[in-house]
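Novice: sequence and computational prediction follow.
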Amino acid sequence: MAVTIKKPISKYYYSSQGQKWAVFGAGFFAAGTMTIIMVLLLISGITPRSMGNLVADKLAAVFPPQWQEFFIQLIGPLGKDLLFYGVLVGQVTVGGLLALLFGWLWPRIGDKPTLWRNIFILSTTFWLVLIFIGLPILDAGFIGLNLGSDQIIFLVTSFALFQVYGLAFGYLYLRLVPPKVDSSVVGTSDDDEIEIGSAPSRRRFVIGLSAFFVTALAAGIGVGAFRTKSTEYWGSLGSVVSGSAKLQGEVTPVGTFYNVSKNAFDPSVSVQGWTLEVNGMVNKTLSYDYNTIRQLPVINQAHTLTCISNPVGGQLIGNAEWKGTQLKTILETAGVGAGVKKLVFTCADGYTDSITINTALDPQTVLVWEMNGAPLEPSHGFPIRALIPNIYGMKNAKWIKQITLVDTEYEGFWQKQGWDNPAVIHTESTLTSLNNGAEVRSGERLTLQGFAFAGQRGIKKVEISTDGGQNWLEAQVKDGLGQNSWQLWHLDWTPNGSGKTARLVVRATDKTGALQTNNKAEPFPEGSSGWNTISVKVI
């Protein structure tokens with residue numbers, strides 16, 4: 001039950017002494033409120049980058065990349081998001097510690113106006129510390145100069161978020177830290193009423209807030225967890241489709257196509273205000289808006305993307321039909337300067353990567369705006385992304401906003417963490433119609449199906465062994481939909497010997513005559529290698 005004490009404003013005060021947990025809780029939940037709004041700003045596209053993104057990117061550059069790769073292999077694309085979620089937890093914890101600092105600086109506050117004034121001083125001071133000290137440490141430059149066109153929106157939204165923290169902290173402080181009556185002052189007044197909540201009511205309030213924030217965090221992680229695609233697509237990949245020249249799944253549906261980026265929340269870019277800038281060592285700086293770039297000569301091509309984190313036999317690969325324009329068309333218009341070595345992509349989420357100028361001028365290196373007959377979805381790089389032959393997906397930049405030509409070597413986001421810079425695709429081949437441990441019937445014919453991919457090198461043949469690699473059978477391989485497209489294969493097989501275990505192995509040879517290596521390697525740092533092998537039980 002709450003008790004109302006009537007006192008003049010000078011007859012009571014607020015004190016953090018003996019209330020450390022209450023003060024910490026007020027700051028913790030205030031930072032939680034700030035964090036939720038920050039995430040909503042990211043999801044809505046109002047701000048392309050947040051403090052959480054900058055901290056996560058900096059930590060990713062400091063921590064051994066094997067850590068993140070371990071979690072990606074363990075739980076899929078959600079593994080890369082764990083660092084960002086960890087930063088969010090750290091952010092709300094820092095909010096609690098900041099509140100304790102507030103209590104130490106101002107252990108006794110005489111009235112509410114003074115309380116709010118001091119909170120404003122604290123929140124604004126720490127925002128200034130962020131801008132002048134934090135951003136340079138996070139590689140964003142002095143007052144965010146390295147953020148480019150994102151600088152102003154970052155400064156404005158970060159200031160607003162710190163004030164949200166201050167407002168929420170002040171409100172929660174008044175709810176969780178009861179005022180104390182100055183016993184040296186006698187008298188009552190109806191001029192000001194201070195409600196002192198009972199301990200049970202404050203406890204219920206804290207429990208309610210805790211439940212809300214835990215639910216919000218679980219929901220965010222849950223959304224990421226359920227991005228894992230159904231295995232039904234892979235089980236039917238390569239089946240004959242009546243009346244169609246394409247096999248089942250030969251073009252990967254957009255909703256099934258793998259998606260890996262450095263972000264827990266990918267940027268939502270609006271075409272209003274978006275431009276693609278072409279600068280650096282060019283004869284003429286160019287700028288395209290969304291409508292202008294789509295007026296350039298159009299190219300349609302099938303192209304397979306595969307992730308450098310894809311393990312042997314993994315599903316971080318997909319093939320789609322894309323529409324765009326050759327990058328060389330844009331570069332020839334701009335004029336490539338003498339001595340250029342690299343082309344650098346800068347993206348809306350702060351991601352950067354590079355390719356050699358020779359690769360950039362390859363006729364099959366394209367900037368695309370459509371995927372499978374529809375505009376790119378935000379998760380796949382809307383409004384513009386790059387498709388680059390022979391190179392793992394991490395260098396096929398998404399949400400591109402700037403192209404810069406340089407005469408030096410360049411290490412992008414992942415290369416600074418130790419991933420390979422050339423990132424040339426290894427030949428891979430995978431059996432998709434059966435899972436490891438599956439049961440097959442003795443004497444009953446079945447069709448083994450899967451895919452093989454070697455980039456522009458193409459696939460000459462695919463071989464299957466049903467006895468662990470002692471003997472090999474050549475599969476039928478379908479031509480790809482394009483020079484950079486995977487090729488689907490199939491082989492009819494009749495297992496024999498009920499009660500036995502058959503060990504199935506797949507290997508491919510590219511059109512240069514090079515056999516896929518069986519030297520087993522993990523994805524880090526150059527991509528995985530080895531022959532896809534599974535065991536099935538014959539019943």
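Specialist: Cool, got the structure.

Novice: do a quick rundown of the strands in the stretch 101-250 of the chain.
Specialist: Along the stretch 101-250 of the chain, the stretches classed as strands by DSSP state E, counting those that start in this stretch are 108-109, 180-181, 193-196.

Novice: show me the contacts for V278.
Specialist: Contact partners of V278, counting by Cβ atoms under 8 Å, 6 or more residues apart in numbering, are 285-288, 330-331, 334, 402-404. All C-beta atoms are positioned from the backbone trio N, CA, C, and that covers glycine.

Novice: and for Q364?
Specialist: Taking Cβ under 8 Å, 6+ apart, we find Q364 in contact with 301, 303, 387, 389, 456, 483-484.

Novice: of the contacts of V278, buried ones?
Specialist: By neighbour count, with 16 or more other Cβ atoms under 10 Å, the contacts of V278 hold 286, 288, 330-331, 334, 402-404 as buried.

Novice: could I get the residues you listed as CSV with pLDDT, secondary structure and distance to G235?
Specialist: Below are those laid out as CSV (pLDDT from 0 to 100; DSSP: H, G, I helix; E, B strand; the rest coil; distance: Cβ to Cβ, whole Å):
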residue, pLDDT, secondary structure, distance to G235
L286, 98, strand, 46
Y288, 98, strand, 42
I330, 98, helix, 41
L331, 98, helix, 43
A334, 98, helix, 47
Q402, 97, strand, 42
I403, 98, strand, 40
T404, 98, strand, 44
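
Novice: just the closest of those to A22, please.
Specialist: Nearest to A22, judged by Cβ to Cβ, of the buried ones among the contacts of V278 is Q402 at 48.3 Å.

Novice: who is that closest one paired with across the strands?
Specialist: Counting by DSSP bridges, Q402 forms beta bridges with E277, T346.

Novice: need phi/psi at the nearest residue to K401 once chain neighbours are set aside.
Specialist: In space, K401 comes closest to A348 once its chain neighbours are excluded; the distance is 5.4 Å by Cβ to Cβ, 6 or more residues apart in numbering. Per-residue torsions, A348: phi -60, psi -20 (degrees, to the nearest 10).

Novice: before we move on, back to that, same list (the buried ones among the contacts of V278) but as CSV, adding distance to N396.
Specialist: Putting these into CSV (distance: Cβ to Cβ, whole Å) gives the following:
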residue, distance to N396
L286, 21
Y288, 19
I330, 16
L331, 17
A334, 21
Q402, 16
I403, 14
T404, 17
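
Novice: from those residues, pick the one nearest G243.
Specialist: Nearest to G243 out of those is I330 (Cβ to Cβ; 39.3 Å).

Novice: quick check: the closest one touching L367?
Specialist: Yes: in this structure, I330 is within contact of L367 by Cβ atoms under 8 Å, at 7.3 Å.

Novice: how about low-confidence regions in the stretch 1-150 of the chain?
Specialist: Low-confidence segments of the stretch 1-150 of the chain (pLDDT under 70): 1-14, 17, 68, 72-73, 75-80.

Novice: the same query, at a cut-off of 50, please.
Specialist: 1-3, 5-10 (pLDDT under 50).

Novice: which residues in it form helices?
Specialist: Using DSSP state H, counting those that start in this stretch, the helices of the stretch 1-150 of the chain run over 20-44, 51-62, 65-75, 78-105, 112-129, 135-137.

Novice: which among those helices is found nearest to S239?
Specialist: For the helices of the stretch 1-150 of the chain, the distance to S239 is smallest for helix 65-75, at 28.6 Å, taking Cβ to Cβ.

Novice: sorry, back to before: list buried residues within the contacts of Q364.
Specialist: Counted by 16+ other Cβ under 10 Å, the contacts of Q364 give 301, 303, 387, 389, 484 as buried.

Novice: was I right about V440 contacting P495?
Specialist: Yes: if you go by Cβ under 8 Å, V440 and P495 touch, sitting 4.9 Å apart.

Novice: overlap in contacts, the two.
Specialist: 446, 502, 536, 538.

Novice: with pLDDT, neighbour count and secondary structure as extra columns, can I get those residues in TSV?
Specialist: Formatted as TSV, the shared contacts of V440 and P495 follow (pLDDT from 0 to 100; neighbours: other Cβ atoms under 10 Å; DSSP: H, G, I helix; E, B strand; the rest coil):
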residue	pLDDT	neighbour count	secondary structure
L446	95	15	strand
A502	96	20	strand
V536	97	21	strand
V538	95	17	strand
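
Novice: a markdown table for those, including distance to Y85?
Specialist: Formatted as a markdown table, the shared contacts of V440 and P495 follow (distance: Cβ to Cβ, whole Å):
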| residue | distance to Y85 |
| --- | --- |
| L446 | 43 |
| A502 | 42 |
| V536 | 38 |
| V538 | 44 |
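
Novice: which of the residues you listed sits closest to F63?
Specialist: The shortest gap between F63 and any of the shared contacts of V440 and P495 belongs to V536, at 39.0 Å (Cβ to Cβ).

Novice: next up, the contacts around that closest one.
Specialist: By Cβ under 8 Å, 6+ apart, the contact list for V536 reads 434, 436-440, 495, 501-502, 504.

Novice: check the gap between it and G437 for me.
Specialist: Applying Cβ to Cβ, to the nearest Å, one obtains 7 Å for the distance of V536 from G437.

Novice: same deal with T533?
Specialist: 12 Å.

Novice: the more surrounded of these two?
Specialist: When T533 and G437 are compared for neighbours, T533 comes out ahead with 19 against 10, by other Cβ atoms under 10 Å.

Novice: helix or strand for the more buried one, just tell me which one.
Specialist: Taking DSSP states H and E as the definition, one finds T533 inside strand 532-538.

Novice: parallel or antiparallel, which strands does that strand pair with?
Specialist: Strand 532-538 has the following strand partners under DSSP bridges: strand 439-440 (parallel), strand 501-510 (antiparallel).

Novice: CA atoms only for the last one - export them in CSV, please.
Specialist: The C-alpha trace of strand 501-510 is given here as CSV (Å, rounded to 0.1, in the frame of the first residue of the first chain):
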residue,chain,number,x,y,z
THR,A,501,26.2,-49.3,-44.1
ALA,A,502,27.0,-47.7,-47.4
ARG,A,503,29.4,-44.8,-47.4
LEU,A,504,28.6,-42.3,-50.2
VAL,A,505,31.3,-39.9,-51.4
VAL,A,506,31.0,-37.1,-54.0
ARG,A,507,33.7,-35.4,-56.0
ALA,A,508,33.9,-33.2,-59.1
THR,A,509,36.3,-32.3,-61.8
ASP,A,510,36.2,-28.8,-63.3
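
Novice: residues in contact with that strand?
Specialist: Strand 501-510 is contacted from outside by 427-431, 434, 440, 448, 450, 452, 454, 457-469, 472, 495, 515-516, 518, 531-538, using Cβ under 8 Å, 6+ apart.

Novice: out of the contacts of V536, who's the most crowded?
Specialist: Sorting the contacts of V536 by how many neighbours each has (other Cβ under 10 Å) puts L504 first, at 23 neighbours.

Novice: tell me the bridge partners for that one.
Specialist: Beta bridges link L504 to I534, judged by DSSP bridges.

Novice: mind checking pLDDT for it?
Specialist: pLDDT for L504: 98.

Novice: domain parsing for this structure?
Specialist: The chain breaks down into these domains under automatic domain parsing: 3-225, 259-417, 428-538.

Novice: what residues does the nearest residue to I317 once chain neighbours are set aside make contact with?
Specialist: Nearest residue to I317 in three dimensions, chain neighbours excluded: T306, at 4.1 Å (Cβ to Cβ, 6+ apart). Counting by Cβ under 8 Å, 6+ apart, T306 touches 316-317, 392-393, 425, 428, 453.

Novice: then G45?
Specialist: G45 sits next to 267-270 when contact means Cβ under 8 Å, 6+ apart.

Novice: possible to save the residues you listed as a markdown table with pLDDT?
Specialist: Below are the contacts of G45 laid out as a markdown table (pLDDT from 0 to 100):
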| residue | pLDDT |
| --- | --- |
| P267 | 85 |
| S268 | 86 |
| V269 | 90 |
| S270 | 89 |
